[in-house]
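*Asks:* Provided below for reference: sequence and predicted model.
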Amino acid sequence: MKSKICKYSPSRPDHPRVHRIDFMLNDDEYKTILNYMKKYKISNKSRWYRETILSHVIKTLELDYPTLFDEKEMRR
């Protein structure tokens, strides 16, 4: 039997989500988000917000990871 591959991050009972984050959007921002979610058939807003924010944070952290040499030295 094949295991089900989850497109999204699975829920983890051993790591419950207990920290709430709230933020505000203006009317245009909110309409843009709603249109995007409708276009791409996103039904779970919370998951989408969480994964979108975390993917940005992880990418930024990877880019800022300390290296032994600076960029100029590595390009020589």
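*Replies:* Cool, got the structure.

*Asks:* going forward, measure contacts and count neighbours with C-alpha atoms only.
*Replies:* Will do.

*Asks:* the longest helix along the chain: which residues count as buried?
*Replies:* In the chain, assigned by DSSP state H, the helix with the most residues is helix 45-63. By neighbour count with 16 or more other Cα atoms under 10 Å, helix 45-63 contains no buried residues.

*Asks:* which residues sit against that helix?
*Replies:* Residues outside helix 45-63 that contact it (Cα atoms under 8 Å, 6 or more residues apart in numbering): 37, 42.

*Asks:* mind checking which helix or strand of this protein has the lowest mean pLDDT?
*Replies:* helix 71-74 (a mean of 74; mean pLDDT, DSSP states H and E).

*Asks:* pull out the buried residues from that helix.
*Replies:* Residues of helix 71-74 classed as buried: none (neighbour count, 16+ other Cα under 10 Å).

*Asks:* avg pLDDT for the longest helix of the chain?
*Replies:* Average pLDDT, helix 45-63: 93.

*Asks:* circling back: outside of the least confident helix or strand of the chain, which residues touch it?
*Replies:* The contact list for helix 71-74 (Cα under 8 Å, 6+ apart) is empty.
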